[in-house]
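# Quick one, fold the following:
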Amino acid sequence: MEEEKSLAASMEQTLEYSNLEFLGELGEIIIDATLNDGVLKEVPIIGTLVGICKCFKNAYDIRFAKKLVAFLIPIKDVAPEDRAKAIKKWEQDKNYRGNIGDTLLGMIERCDDTVKAIWLSKLFYALVLKENTPRLFMRAEKALSSLSVMDVQAFLNMPDNYYHHIKEEESEPFIGSGLYLNPQLESTADETLDLSNKYCEPSEIGIWIHNVLNDISM
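Down below sits the predicted model:
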């Protein structure tokens, strides 16, 4: 659809060329009031969304716009040229066959809360804009989208010296999301396997998500 192409192109334009520094001054944004003032319309993706929707009158449009802005705020201090450079490298990845604007909009739409959009942006900043590892970012987004906000928060709240080795019963639903590896058996003092004592260790993506979203240096 032309509207979807327009949104995808506007998303890429926003990331590659737009100065987003002013977003930090808005704090907790009341999206509809800010749009009426015309401030956010200067951001290409928001301006396009307003043009397509004509105005934000239903809960879905407002909620999606809030998630979009929530995603953009954490990357506002990254210079547009640095964002464009990272996106260019992603586009040139021979294993990627999509459209980055579409990909990111789909990810943002899957966020069931604005806090998830902020977490997604932090992962985008760390894994795409800084580390140039878009495949890891896409795996991280998949894990994030499969969990509730409460489950993600519970995972993030685990102490750094604890989450590396948790009991099997504590690992649900984290194994299914890919944050943890399958359970392993503990050895007893006489070096036999204790079938009643299983533990789980975080996966590579689980470690990345825990550290990035807790602002722990890698």
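
# Give me the helices and strands touching the top helix by length along the chain, please.
Longest helix of the chain, by residue count under DSSP state H: helix 2-17. With contacts defined as 3 or more Cβ pairs under 8 Å, 6 or more residues apart in numbering; DSSP states H and E, the packing partners of helix 2-17 are helix 44-53, helix 80-91, helix 100-110. C-beta coordinates here come from the backbone N, C-alpha and C atoms, glycine included.

# Going by neighbour count, which residues in the second one are buried?
What that stands for is helix 80-91. The neighbour-count check on helix 80-91 (16 or more other Cβ atoms under 10 Å) flags 83, 86-87, 90 as buried.

# Direction-wise, compare the host helix or strand of residue 71 with helix 100-110 and give the angle.
Using DSSP states H and E, residue 71 sits in helix 59-72. Angle of helix 59-72 versus helix 100-110, following axes from the mean of the first three to the mean of the last three Cα atoms, to 10 degrees, is 120 degrees.

# Which elements pack onto the one helix or strand residue 118 maps to?
Assigned by DSSP H and E, residue 118 belongs to helix 114-124. Helix 114-124 sits against helix 59-72, helix 100-110, helix 134-145, helix 149-156, helix 204-213, with contacts defined as 3+ Cβ pairs under 8 Å, 6+ apart.

# buried ones in it?
114, 116-124.

# residues touching the residue positioned nearest the centre of the chain, list them.
The residue lying closest to the centre of the chain (Cα atoms, centre = their mean) is residue 120, at 1.3 Å. Residues in contact with residue 120 (Cβ atoms under 8 Å, 6 or more residues apart in numbering) are 71, 107-108, 111, 141, 144.

# Apply 6 Å and report the result again.
Counting by Cβ atoms under 6 Å, 6 or more residues apart in numbering, residue 120 touches residue 107.

# That one and residue 111: what is the separation?
For residue 120, the distance to residue 111 equals 6 Å [Cβ to Cβ, to the nearest Å].

# And for residue 82?
Residue 82 sits 24 Å away from residue 111, going by Cβ to Cβ.

# Lowest average confidence across helices and strands of this structure, where is it?
helix 31-37 (a mean of 51; mean pLDDT, DSSP states H and E).

# Surely residue 172 is in a strand?
No - counting by DSSP: H, G, I helix; E, B strand; the rest coil, residue 172 falls outside a strand, being coil.

# phi, psi of it?
phi -80, psi 140 (degrees, to the nearest 10).

# Could you report the pLDDT at it?
pLDDT, residue 172: 80.
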